[in-house]
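Colleague: Below is the sequence, then the predicted model.
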Amino acid sequence: MERRLVAGVDSSTQSCKVVVCDADTGEVVREGRASHPDGSEVSATHWWRAYEKATSGGLLEGVAALAVGGQQHGMVTLDERGKLVRDALLWNDTRSSGAAEDLVRELGGALAWVDAVDCVPVASFTVTKLRWLAEHEPDNARRTHRVVLPHDWLTGQILQSRGGFHDWTTDRGDASGTCYWSATTGDYRHDLVELAFGRQLELPRVLGPAEVAGRTHDGAVVAAGTGDNMGAALGLGLRTGDVAVSLGTSGTVFAEHDAPIGDGNGYVAGFASATGGHLPLACTLNAARVLTAGASMLGTDLAGLDRLALEADPGAGGLTLLPYLDGERTPNLPESTGNLSGLTRSNATPANLARACVEGMLCNLAAGVDALRDKGIRVNRVLLIGGASASAAVRRVAPQVFGVPVVLPAPGEYVGLGAARQAAWALGGTDEPPQWDVARGLELEPPVGAALEAAREVRGRYDAWQQQVYPTGAAG
Ligand SMILES: Nc1ncnc2c1ncn2[C@@H]1O[C@H](COP(=O)(O)OP(=O)(O)O)[C@@H](O)[C@H]1O
Ligand SMILES: O=C(CO)[C@@H](O)[C@H](O)COP(=O)(O)O
């Protein structure tokens, strides 16, 4: 019997990755990728070019269904004819941090937002970018007729180019990152769009988890797609007690959950999952690129940084790095910078600096794991994914910093796999997504005895320094 093929696209911050899989088993049969330009303000046309390059050479031949997982939150503005008004402002663009503060105050505080959409706006969220646009670019704001997200736009482009476009669509997962759609009620909050932008905008139709966005002229199904983290959760098949930590451009910590999270501190955002439930998530702006920056500071590459970090003892000889190189979102410190403490003549070695980069990046994420735990999420183990999970030093330090077993799923593009699984689900029209096995790779145990004490000291020193430099509250 000929096998049915499905494809999943991960249109993320740094690149576009496409996996073609067997629809019944999830086995990957072909892969393609292409880079995106750097920056936090990017023309969406680059995503389309990267998608075309990644799928060139017949990559999608015989594919019966596909779906797009995309970087969350980006503001893509369209005019009345569906043309791009300006470059997209991405999730990691912090220019709307003042707008976020204003919006929180205007609605009546953080709890009012949690009540409305289970999230407290920070600069990453689309609603704050709308306010920034209205305030700073009145001409572009006037021309803006519709706002969509990166995965919505790419899904629309695919359908337009292959003859099956009817309407702009999104899904629950990505819609929940706008701050004007509620995962609790499943409805848009048009009043919040009006609050942010001063008038209403056309918004994409929110599809259910296995709904079809359209069919191409040759009959391929284009599924709803979703945000990249929701895609990764579907690709990993997260179970109760599993917390995923993704080390890409962003660092994310998330888990499947059956209820809104209600975090008035704004540390954990109450997103929706791609399966109809909830996906509480904490996100940092600083993950894999802290290591790239560390390597470049040390005049080496990522392999060199790994070698150095593995030479140093836990605690980096007393060095502690707050890794806020791009400002920070969680904690909400958009104006913050990286900060190194504890430097002496005797510990000033490349090895200690390399280790401090790895420990600092992971301690920042461990605070996210703690925040999920504090909100009642069971943390039996951490599943580590994303580009920087390939680092040997990260694999050594992660169980020490997280303090629970760390599972490294077999290397794979889990966002793309999740999108492909969603495509197979929409193709099959079943109640549940198809059962695909996720090959579990290594399982790393947390330290015990003296090593546990040393690990606790690293976390303790990080938390103390964090509070000293940026006492709870905003930076700047
Ligand atoms: N062995 C490695 N050690 C550390 N970082 C790595 C390694 N391999 C890849 N990376 C980093 O992973 C990042 C890309 O990860 P990815 O999850 O694809 O990010 P994104 O989804 O944000 O585009 C890049 O910043 C890259 O430098
Ligand atoms: O803003 C978030 C999550 O809320 C980010 O996780 C983006 O979705 C970008 O993801 P990567 O490109 O880093 O994977």
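Modeller: Good, I have the coordinates. Ligands and ions are numbered 1, 2, ... in the order given.
Colleague: Identify the bridge partners of Val18.
Modeller: As for beta bridges, Val18 partners with Val9, Gly32 under DSSP bridges.
Colleague: What score does it have for pLDDT?
Modeller: We have a pLDDT of 98 for Val18.
Colleague: in the stretch 51-200 of the chain, which spans are strands?
Modeller: Taking DSSP state E, counting those that start in this stretch to define them, one finds strands in the stretch 51-200 of the chain at 63-70, 76-78, 88-89, 146-148, 169-171, 181-182, 187-188.
Colleague: scratch that, the stretch 201-350 of the chain is what I was asking about
Modeller: Under DSSP E, counting those that start in this stretch, the stretch 201-350 of the chain gives strands at 205-207, 212-215, 221-223, 226-227, 242-247, 251-254, 269-272, 278-284, 320-322, 339-341.
Colleague: what number of residues lie near the residue in the stretch 351-476 of the chain that ligand 1 sits nearest to?
Modeller: Nearest to ligand 1 in the stretch 351-476 of the chain, going by Cβ to the nearest ligand atom, is Gly387, at a distance of 2.0 Å. Placement of C-beta: from N, CA and C, glycine included. Using other Cβ atoms under 10 Å, Gly387 has 19 neighbouring residues.
Colleague: from the chain's centre, how far out does the helix or strand of the chain with the lowest mean pLDDT sit?
Modeller: Counting by mean pLDDT, DSSP states H and E, the chain has its least confident helix or strand at strand 440-444, which shows a mean of 88. In terms of Cα atoms, centre = their mean, to the nearest Å, the centre of strand 440-444 is set 22 Å apart from its chain centre.
Colleague: Contact residues of the stretch 1-150 of the chain facing ligand 1?
Modeller: Counting by Cβ under 6 Å from any ligand atom, the stretch 1-150 of the chain comes close to ligand 1 at Ser12, Thr13, Gln14, Ser15.
Colleague: re earlier: with Thr13 as the reference, measure out to the residue of the stretch 351-476 of the chain closest to ligand 1.
Modeller: For Gly387, the distance to Thr13 (Cβ to Cβ, to the nearest Å) stands at 11 Å.
Colleague: which neighbours do those two share?
Modeller: Gly248 (Cβ atoms under 8 Å, 6 or more residues apart in numbering).
Colleague: Tabulate the strands of the stretch 51-200 of the chain (JSON lines), appending distance to Gly338 and mean pLDDT.
Modeller: Listed next are the strands of the stretch 51-200 of the chain as JSON lines, based on distance: least, Cβ to Cβ, whole Å; pLDDT from 0 to 100:
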{"stretch": "strand 63-70", "distance to Gly338": "28", "mean pLDDT": "98"}
{"stretch": "strand 76-78", "distance to Gly338": "30", "mean pLDDT": "98"}
{"stretch": "strand 88-89", "distance to Gly338": "23", "mean pLDDT": "98"}
{"stretch": "strand 146-148", "distance to Gly338": "33", "mean pLDDT": "98"}
{"stretch": "strand 169-171", "distance to Gly338": "35", "mean pLDDT": "98"}
{"stretch": "strand 181-182", "distance to Gly338": "34", "mean pLDDT": "98"}
{"stretch": "strand 187-188", "distance to Gly338": "38", "mean pLDDT": "98"}
